[in-house]
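Colleague: Let's see this in three dimensions:
(chains A and B)
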Amino acid sequence: NAGVTQTPKFQVLKTGQSMTLQCAQDMNHEYMSWYRQDPGMGLRLIHYSVGAGITDQGEVPNGYNVSRSTTEDFPLRLLSAAPSQTSVYFCASREDGYSGNTIYFGEGSWLTVV
Amino acid sequence: DQQVKQNSPSLSVQEGRISILNCDYTNSMFDYFLWYKKYPAEGPTFLISISSIKDKNEDGRFTVFLNKSAKHLSLHIVPSQPGDSAVYFCAATLTGTASKLTFGTGTRLQVTL
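Modeller: Alright, predicted model coming up:
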């Protein structure tokens, strides 16, 4: 009964370092996505995937890469961390593209770039 | 360009009273709207949704109203309970756009005793 699992929950990076935020879901959902939440900005879509092998950019994709080699996993890579990427990151999944299907969110990953 | 706006960053309501959270949107193409609730250090959880073909959807203490002509939706919580204290986000999407939710900035609701 894990749902959407994100790791790590907390991370501090130095400017220029790279890292990967992991996301896994056990509900066999086709659609997965990454959002970031910043104060006063709500949640903004970074990248999304509609199935294994298919990814696309969201609203704020710069500085991030994603891949979807399996249905279960959707890692988010920060190529060269910048202080502007200090944020809370949420991974989400849904069964398919039907709007009525619930989107499930992970618990979040708090990232600080110094 | 904020397509979904929640103009009240916070709201305080007494227990047992009605809480009304408001949301405005600018993109008339949006056809599905959702409310999410978020506690500190947790991910958002789905609360209630409404399709653009309806003007009201009810689920227990929660009712969402949609006024398409005004591009406005509201969430009513009756009666409000202390456990309802959280940040509430409204979100909008277009049919066929996968996981592309557009979120508002959130309203922090505090239900006092």
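
Colleague: sec struct for residue 28, please.
Modeller: No chain in the question, so chain A it is. Following DSSP: H, G, I helix; E, B strand; the rest coil, A:Asn28 is assigned to coil.

Colleague: ah, I was thinking of chain B
Modeller: With three-state DSSP as the criterion, B:Ser28 reads coil.

Colleague: what's the neighbour count on the residue lying closest to it once chain neighbours are set aside?
Modeller: In space, B:Ser28 comes closest to B:Lys71 once its chain neighbours are excluded; the distance is 6.8 Å by C-beta to C-beta, 6 or more residues apart in numbering or on different chains. Using the backbone N, CA and C atoms, a C-beta is placed for each residue, glycine as well. By other C-beta atoms under 10 Å in any protein chain shown, 17 other residues sit near B:Lys71.

Colleague: What residue in chain B comes nearest to chain A?
Modeller: B:Gly43 (3.4 Å; C-beta to the nearest C-beta).

Colleague: That residue: what's it in contact with?
Modeller: A:4, A:90, A:92, A:105-108 (C-beta atoms under 8 Å, 6 or more residues apart in numbering or on different chains).

Colleague: Show me the shaky parts of chain A.
Modeller: A:1-2, A:99 (pLDDT under 70).

Colleague: Try it again at 50.
Modeller: Across chain A, not a single residue meets the criterion (pLDDT under 50).

Colleague: How far away from the center of its chain is stretch B:37-48?
Modeller: 11 Å (C-alpha atoms, centre = their mean, to the nearest Å).

Colleague: actually stretch A:32-39, not the one I typed
Modeller: 7 Å.

Colleague: cool, and stretch A:10-22?
Modeller: Counting by C-alpha atoms, centre = their mean, stretch A:10-22 comes out at 13 Å from the chain centroid.

Colleague: Just the buried positions in that stretch, please.
Modeller: A:11, A:13, A:21 (16 or more other C-beta atoms under 10 Å in any protein chain shown).

Colleague: at contact distance from chain B, anything in it?
Modeller: No - for stretch A:10-22, no contact with chain B is found by C-beta under 8 Å from any C-beta of the partner chain; the gap never falls below 10.3 Å.

Colleague: End to end on that stretch, go ahead and measure it.
Modeller: Length of stretch A:10-22, first residue to last, C-alpha to C-alpha, to the nearest Å: 12 Å.
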